[in-house]
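Peer 1: Got a predicted structure here, sequence first:
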Amino acid sequence: MGMHRRGSPGRQRGTASWRRWVAGIGAGLIVGPLAWYGPAYAATEPDVAAIPAARVAGADPARPGKSPTTRTVTLITGDAVHVTGERMTVVPAAGRRGIPMLTSRTNGHTFVVPADAEPLVRRGHLDRQLFDVTELLATGLDDASSRGVPLIVQYKNRQRTAGMRSALSAGGRKGRTFDSIDASAVTQPKASTASLWRALAGPPAQRRAAQATAAPGIRRVWLDRKKTLSLDVSAPQIQAPAAWAAGYTGRGVKVAVLDSGYDPAHPDLKDVVKASANFTTAPDVVDHFGHGTHVASIVAGSGEASNGRHRGVASGAELIVGKVCPDRGCPTSAILAGIEWAAGQGAKVVNMSFGGVSIFNASEPEEQAIERLTRDKGMLFVAAAGNDGPTGWVDSPSTAPSAISVASVDRQDRIVASSSRGPTLSGSLKPDVSAPGDSIVAAKAAGTDPEAADPYYTSMGGTSMATPHVSGAAAIVFSRYPDWSPEQVKAALLASARPAAEGDVYAQGAGVIDVAKALGQTVLATPAAVDFGGLSADPGDQRQTVTYRNSGAAPVTLTLDLQITGPGGRPLPQRFAVDVRELRVPAGGTASAIVTANMDGMSNVYAGGWLTASAGGVTVVRTAVGAVHRATPALIKMAVLNRAGVVDDKTIVRLINRETGRVEDIRPEQGEYPKVYVPEGAYDLLTAIFTPAGAAPASWTLHTRSALRVSGDMTLTVDARQGTRLSIDAGEAGTEQYATSVNLALTVPGGVENMAVSAGTAPDEQAREMYLLPGEAADHLTVTTRSTLVRPVDGDVTRSPVVYHLLLPDTHQLPGPAVTVDPNQLVTVHTQYAEQLRGELHQVKTFAWPPVDKPGVDLSAPSLPVASPLERTEYFTAAPVYWLQDVCLSGPDNPQENCLTGVMQDYPAGSRTEVRWNGAVFGPALLAYANLLPERSGEHVSLRTPLLTDAAPWHYKTDAGLLGTTKLSVNGELIESTDSPSTEFFVGERSGTFRVEVEAARPPEDRLRPTSRETVAWTFRSDHPGAGTTRMLPIMVVRFAPVLDLHNRAPAGQPFTLPVTVQRAPGMPATAAVTVEASYDDGTTCHRAEVAGAEDTWSARLTHPGSATQVSLRTTATDREGNRVEQTLIRAYALR
């Protein structure tokens, strides 16, 4: 039983006035990058070739491959993590470039912790779950799903005012206050997380200092994380009918069920629930999930709908129901509010059939509240152990010492496979008891489980169902002994438990509860469980006194028997002992025995069993016993020096145990390293040594060492002065490293540990140079090096004529200090940056992914400023590396960042291609690769057409910030009218001819060009496809890609050919007709162009007047079934 078992010109004729004004314009343009990619349909993926795209003249853009989905999470520090497949890319917040990123992949969870946050995490001021990217995604806290970060802010003693001022200093919104733990719920907008971080953490120097602490008044900041609902047999299995027969049903005892609400109309509950409250964002306490109704009826349901067959364990108890779970997720803030409400209502027992694994040894907010209210209010909390099986940890909050943690057994008292096992992370003995939890039949909430045969009942299983059996049993015991403390009731339930049919103490606790026996329990043991916890080093004999108290009228002679097993179930009689074999406990008195444990020399094991006290051959008291021994530690002294020969507080040392995967993050404080104690064994070493600017530029020195053997106390020496500067030669003189990042990834038991560091000449980099001090190669070490090379012109990087985007091949050790790039493994991209706004800089963001199914965490390259207009050559590492670029514009006249996003693609080695950014004509587009295809899904219509995308075939731009109106009509009847551009509608079951009219414009202060405003009207046929069915819609858009200069201008005073492309969804009717009109006075008059072509490819012949400066376009396209689009684009391109 080993401890670590978990491991985008003809004659002009006719005139018309078609100018349409867009009224009510007056807000800023807000455009962000695309944050997701991938097919819209699981069954059939659209053929990108079926959607012709406007092409940049002379360009041969690479076709995108199948783009995997990317999701983004913004951390509390403001840094963003992009997750694509198994890869994660960290994009530092403004001003945070150069801060190393420490990442861990443990038990399936990936944590990304910036180096300046790690000291606050280590000291307990910051909840590590704030950096659990896996959980943030799983609980809907990605940026596409949530605009804020939910927090629990705990205050220091008597400093709530100062703490609240700090917490709300960056625009946070205060929620509920929790007096039981002196905390408040705060929702922090993600847009200002970086400001909150500065308020919480203080200046960088403070974060590194030995006295590093949170902001004034703040003790700790938690993620307001969501616990999960852990989904009969039953009452006879725990001997409840015998208790009823004796007259005990829980009468007079109030039990709080904190869960997903309840069904107020259910016959089993409508006269049982005496009070209810809703602490969620849901509109009411009604249970739409079914879990809370089921749990509540197990505790105290009347059985009315089944003539008593499905009567609850404590049917005489009073139920109060707090809704803390709006669905399967249960926010910490709602749980805390429910706990405090239950206390105010006078509840004696609180049922909590939910939980979440806490893989860090820290008391969570709910646990703190449980301990305080148990002590102050005499409440007994009963919580589910969890459903993570033999390899999972027991769930919080059942890990609270005073709570009863409940495991699950089947009808034969066998531990259910899914029931979570102990011990806790700290080595404490949990779960406490077991109860029936397999296929439990209980009340069904209306509208849930449509396949259930019975309208009132359904079957569920898990520790969620076992827990209310124990809560009901506790209510019965309280009803007999109303003056008992929660500790006494818990002791009675544990002492009277019977052995489960199988499973060790860390699976079943004291055993399966027997409520009838608990009622007659006149002898109780204190403590209720003998828990030696986690023992480190070799402490010798450890002793605990067990006191038996006899409340009966006659003395009792107890025979004591201690049975303990260790690894592999082997008995440990020489390791554990009880000092007496027989003990006489007088009536009304006490007697004690001493249990001794000695686990010296037993490295990394745990042991456990039971101490039974019997009388006349009958077990009177059963007491669980547990102990965990950790390896004998060795003292490691650090002598890690920078290139100046001194210790710098920014230096990071990571020592990783090869056997267990445990990581020691070691940081110097005020020039000294702390003493570090680690178990003996094999280790990996990752170091990043910082040298501030002095005689030489600031630098990082990286060092790795594998096969480091710790066999006793030792000094670990690393001298950065022995490192060699990393140089990257792309074969072109004058280039410099704008940014180079090195990611070190170690495969360890249970996951991957990463450390990523960057350096270069980019403005936010903390270091300009990177030095390497390689260690030996190791198969479990993967080194990924990413570099951006530029060739400044007179020191100006914005006009660099070449850029190299490099991702070097992975290696199993740090690269040699001199890296030469193979030109045969590059692709050449002739790149144009057309001018959108005179005098503004573009920021080019370039993302790289190795094969996305390969786990890892990378640092993004910093934004590269570009002074448009500009033409240059860019080189990229060839396939299998994937690349994606955003080109963004921001500045005094365009304060909101405004981005075009490309598509993830890989390039064959040696290939050449072209791309043009910000090329006119801007207008609507259909983009299959970006999941933007028009469809009707049941009662919803989604045209999914971005309205202002440039002419390149694979670029995308969101419509956020555009102003205008939208009208939807069906069969001539106006159905919806809004004051903003929209292409998403609820249409119910309507069928017939639909018309969608959209007017969109940039706000007046937005001086971006081309296309200042547009109107689009789609007329198409749609029938209701039926519930759950999705169908493509016959939507078209017309795109233009004229040959223009880098200022988006065409020549005036001469004929001009305008390429026209019609885009339509795959399988939709072919194009039958296209018309094009041009205007040179913003739409006051127009001139019809001569159009030729067929299907999806057309051209229009125009003659631009010599005096004109701008061209506006109006076009129509009609397919063979009469579906139609009309587009008007004002100031589509300029003339010169």
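Peer 2: Cool, got the structure.
Peer 1: which ones are touching the residue nearest the centre of the chain?
Peer 2: Nearest residue to the geometric centre of the chain (C-alpha atoms, centre = their mean): L136, 1.8 Å. L136 sits next to 73, 142, 223 when contact means C-beta atoms under 8 Å, 6 or more residues apart in numbering. Where you see a C-beta, it was placed from the backbone N, CA and C, and this is true even at glycine.
Peer 1: if I look at S418, how far off is G392?
Peer 2: According to C-beta to C-beta, to the nearest Å, S418 stands 9 Å off from G392.
Peer 1: related to what we said a few turns ago, turn the contacts of L136 into CSV, columns for secondary structure, pLDDT and distance to R581.
Peer 2: Putting the contacts of L136 into CSV (DSSP: H, G, I helix; E, B strand; the rest coil; pLDDT from 0 to 100; distance: C-beta to C-beta, whole Å) gives the following:
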residue, secondary structure, pLDDT, distance to R581
V73, strand, 93, 59
D142, coil, 90, 61
L223, strand, 91, 51
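Peer 1: and whichever strand or helix holds the residue nearest to the centre of the chain, which residues are buried?
Peer 2: Secondary-structure assignment from DSSP states H and E places L136 in helix 133-138. Using 16 or more other C-beta atoms under 10 Å as the test for burial, helix 133-138 gives 133-137.
Peer 1: mind listing what the helix or strand following it pairs with, with the direction of each?
Peer 2: Downstream of helix 133-138, the next assigned helix or strand under DSSP H and E is strand 148-155. The pairing partners recorded for strand 148-155 under DSSP bridges are strand 183-189 (antiparallel), strand 218-223 (antiparallel).
Peer 1: need the ones you listed in TSV with distance to E1121 and mean neighbour count, can you?
Peer 2: Shown next, in TSV, are the strands paired with strand 148-155 (distance: least, C-beta to C-beta, whole Å; neighbours: other C-beta atoms under 10 Å):
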stretch	distance to E1121	mean neighbour count
strand 183-189	47	22
strand 218-223	53	23
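Peer 1: pLDDT value on the residue nearest to T281 when sequence neighbours are not counted, please?
Peer 2: Closest residue to T281 apart from its sequence neighbours, by C-beta to C-beta, 6 or more residues apart in numbering: P326 at 5.8 Å. Per-residue pLDDT puts P326 at 87.
Peer 1: and what of S358?
Peer 2: S358 is given a pLDDT of 65.
Peer 1: So which residues of the stretch 101-250 of the chain form helices?
Peer 2: Here the stretch 101-250 of the chain has its helices, by DSSP state H, counting those that start in this stretch, at 118-122, 133-138, 160-167, 193-201, 204-208, 240-245.
Peer 1: from those, which stretch is densest packed?
Peer 2: Of all the helices of the stretch 101-250 of the chain, helix 193-201 carries the top mean neighbour count, a mean of 22, counting by mean count of other C-beta atoms under 10 Å.
Peer 1: Quick one: list the elements packing against that helix.
Peer 2: helix 160-167 (3 or more C-beta pairs under 8 Å, 6 or more residues apart in numbering; DSSP states H and E).
Peer 1: just to revisit the earlier point, could you redo the strands paired with strand 148-155 as TSV and give each row distance to T1075?
Peer 2: Putting the strands paired with strand 148-155 into TSV (distance: least, C-beta to C-beta, whole Å) gives the following:
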stretch	distance to T1075
strand 183-189	47
strand 218-223	57
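Peer 1: Minimum distance to P815: which of those has it?
Peer 2: Taking C-beta to C-beta, strand 218-223 is the member of the strands paired with strand 148-155 nearest to P815, at 37.1 Å.
Peer 1: from the middle of its chain, how far away would that closest one be?
Peer 2: Relative to its chain's centre, strand 218-223 lies at 18 Å (C-alpha atoms, centre = their mean, to the nearest Å).
Peer 1: Let the chain start at 53 from now.
Peer 2: All right, first residue 53 from here; so that's strand 270-275.
Peer 1: Report the angle between that strand and helix 245-253.
Peer 2: In terms of direction (axes from the mean of the first three to the mean of the last three C-alpha atoms, to 10 degrees), strand 270-275 departs from helix 245-253 by 150 degrees.
Peer 1: List the residue ranges of the stretch 903-1052 of the chain that fall below the pLDDT cut-off.
Peer 2: 904-909, 942-949, 981-983, 1012 (pLDDT under 70).
Peer 1: all strands of it, in order?
Peer 2: Using DSSP state E, counting those that start in this stretch, the strands of the stretch 903-1052 of the chain run over residues 908-911, 916-919, 922-929, 934-943, 946-953, 964-969, 987-989, 992-994, 1015-1022, 1025-1030, 1036-1038, 1044-1053.
Peer 1: hey, which of the ones you listed is tucked in deepest?
Peer 2: Mean neighbour counts for the strands of the stretch 903-1052 of the chain (mean count of other C-beta under 10 Å) peak at strand 908-911, with a mean of 25.
Peer 1: Show the model's pLDDT score for G215.
Peer 2: 63.
Peer 1: How about V557?
Peer 2: Reported pLDDT for V557: 96.
Peer 1: Now it. Nearest residue, chain neighbours left out?
Peer 2: G660 (3.8 Å).
Peer 1: check contacts around the closest residue to R851 other than its chain neighbours.
Peer 2: Spatial nearest neighbour of R851, excluding adjacent residues (C-beta to C-beta, 6+ apart): V845 at 4.6 Å. Taking C-beta under 8 Å, 6+ apart, we find V845 in contact with 851-853.
Peer 1: Helix, strand or coil: sort out T1167 for me.
Peer 2: Assigned with DSSP: H, G, I helix; E, B strand; the rest coil, T1167 falls in the strand class.
Peer 1: Number of residues surrounding it?
Peer 2: Residues lying near T1167 (other C-beta atoms under 10 Å) number 26.
Peer 1: same deal with the one 10 residues further on?
Peer 2: By other C-beta under 10 Å, 26 other residues sit near V1177.
Peer 1: Please apply the same query to the one 10 residues further on.
Peer 2: As a burial measure, L1187 scores 19 neighbours (other C-beta under 10 Å).
Peer 1: didn't it look like it was pressed against N1100?
Peer 2: No: with contacts counted by C-beta atoms under 8 Å, L1187 stays clear of N1100, the gap being 10.2 Å.
Peer 1: if we can go back for a sec, G396 is nearest to which of the strands paired with strand 200-207?
Peer 2: strand 235-241 (16.9 Å).
Peer 1: Give me the contact list for the closest one.
Peer 2: So strand 235-241 is contacted by 128, 199-207, 216, 219-220, 222-230, 248, 274, 276, 385, 388, 417 (C-beta under 8 Å, 6+ apart).
Peer 1: what is the rounded mean pLDDT of that strand?
Peer 2: Here the average pLDDT along strand 235-241 is 88.
Peer 1: now do stretch 747-764
Peer 2: 93.
Peer 1: follow-up on the earlier one: save the helices of the stretch 153-302 of the chain as CSV, and put in distance to W752 too.
Peer 2: Shown next, in CSV, are those (distance: least, C-beta to C-beta, whole Å):
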stretch, distance to W752
helix 170-174, 16
helix 185-190, 24
helix 212-219, 32
helix 245-253, 21
helix 256-260, 16
helix 292-297, 65
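Peer 1: nearest to S603, of those?
Peer 2: It is, among the helices of the stretch 153-302 of the chain and with distance given as C-beta to C-beta, helix 292-297, at 18.2 Å.
Peer 1: Export only the CA atoms of the closest one, formatted as CSV.
Peer 2: Coordinates of each C-alpha in helix 292-297 appear next as CSV, following Å, rounded to 0.1, in the frame of the first residue of the first chain:
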residue,chain,number,x,y,z
ALA,A,292,-33.1,3.1,10.2
PRO,A,293,-36.4,1.2,10.5
ALA,A,294,-35.3,-0.1,13.9
ALA,A,295,-34.7,3.5,15.0
TRP,A,296,-38.1,4.5,13.7
ALA,A,297,-39.7,1.6,15.6
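Peer 1: Distance from that helix to the middle of the chain?
Peer 2: The mean C-alpha position of helix 292-297 is separated from the chain mean by 47 Å, C-alpha atoms, centre = their mean.
Peer 1: now for the next helix-or-strand element following it, which elements pack on it?
Peer 2: Remark: after helix 292-297, the chain's next helix or strand is strand 306-311, criterion DSSP H and E. In terms of contacts (3+ C-beta pairs under 8 Å, 6+ apart), strand 306-311 is packed against helix 343-352, strand 370-375, helix 384-396, strand 401-404, helix 515-532.
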